[in-house]
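Undergrad: Here's a sequence, model it:
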Amino acid sequence: MPNEIIWIFFALTNFGFFLLSYKFFGRLGIFLWIVLSTILANIQVLTVVDLFGVEASLGNILYGTIFLATDVLNEIYSKREAKKAVFIGFSVMFVTVIIMQIAIQFKANENDWAMPYLKEIFGFLPIVFIASMLAFIVSQLVDVYIFSKIKDKLPDNKYLWIRNNGSTILSQFLDTVIFVPIAFYYKDFNSILILIFTTYFIKLIVAILDTPVIYLAKKIKPIEN
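TA: Numbers count the residues shown, from 1 in each chain. Below is the predicted model:
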């Protein structure tokens, strides 16, 4: 099956689970989604795949839903709740890396098979962690700020797509130019430039795709709130 078909299905799956999380758990569900997405996206990003004729890191969809989540919090609840979510995600990154760095120091039993794989994934994570921490805190706070400012100027529901896309497109650009050069430091300069371009291109697609999702989120009445 082509990567593009899997990618579209993957995007719909992520958006669907996000909406279900919000439906069943309300604001808490959004916070839980951010925790889950932060951990999984930083693992997925280690893999580079070919999509639509370009090279891109795998974690873009799941990571993009974090921007969607903070936008939903900003839109439905408050800027304060959105900022709280950003710092929750930031804390999750930090704790995950510290715990896993200690965990992979154990000497595995001779019959164990998993430790080499854990070391391959999480042994590389500190570099990704540094890149993610910087990119995440800067881009997410910028996203919250821009969304809030646009909301102040254009508060009507018909301008929601401007708030969502305007804040996400700009903040995702910052995220990309911070993250890629650090996380993929071992690549040559031209490869890094190409990866910045292609990664941002995929993020733009995700930003456009999530526009209907934020409208759907506003129509949802959570069971728990």
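
Undergrad: Name the residues linked to the closest residue to residue 198 other than its chain neighbours by a beta bridge.
TA: Nearest residue to residue 198, sequence neighbours excluded (Cβ to Cβ, 6 or more residues apart in numbering): residue 54, at 3.8 Å. Glycine gets a C-beta too; all of them are placed from N, C-alpha and C. With DSSP bridges as the criterion, residue 54 is bridged to residue 51.

Undergrad: For residue 177, see how far away residue 54 is.
TA: From residue 54 across to residue 177, the span is 17 Å (Cβ to Cβ, to the nearest Å).

Undergrad: Could you list the alpha-carbon positions for the helix or strand of the chain with the lowest mean pLDDT in CSV?
TA: Using mean pLDDT, DSSP states H and E, the weakest-scoring helix or strand in the chain turns out to be strand 54-57, at a mean of 76. Only the C-alpha atoms of strand 54-57 are listed here, as CSV (Å, rounded to 0.1, in the frame of the first residue of the first chain):
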residue,chain,number,x,y,z
VAL,A,54,9.3,14.4,-0.7
GLU,A,55,11.3,13.2,2.3
ALA,A,56,9.6,13.9,5.6
SER,A,57,9.7,12.8,9.3
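
Undergrad: Which strands or helices does that strand pack on?
TA: Where contact means 3 or more Cβ pairs under 8 Å, 6 or more residues apart in numbering; DSSP states H and E, strand 54-57 is packed against strand 48-51, helix 189-209.

Undergrad: wait, which of those is closest to residue 152?
TA: Nearest to residue 152 among the helices and strands packed on strand 54-57 is helix 189-209 (21.1 Å), distances taken as Cβ to Cβ.

Undergrad: Flag every buried residue along that closest one.
TA: Neighbour counts over helix 189-209 (16 or more other Cβ atoms under 10 Å) mark 192, 195-196, 198-200, 202-207, 209 as buried.

Undergrad: ditto for stretch 121-133
TA: Buried residues in stretch 121-133 (16+ other Cβ under 10 Å): 122, 125, 128, 129, 130, 131, 132, 133.
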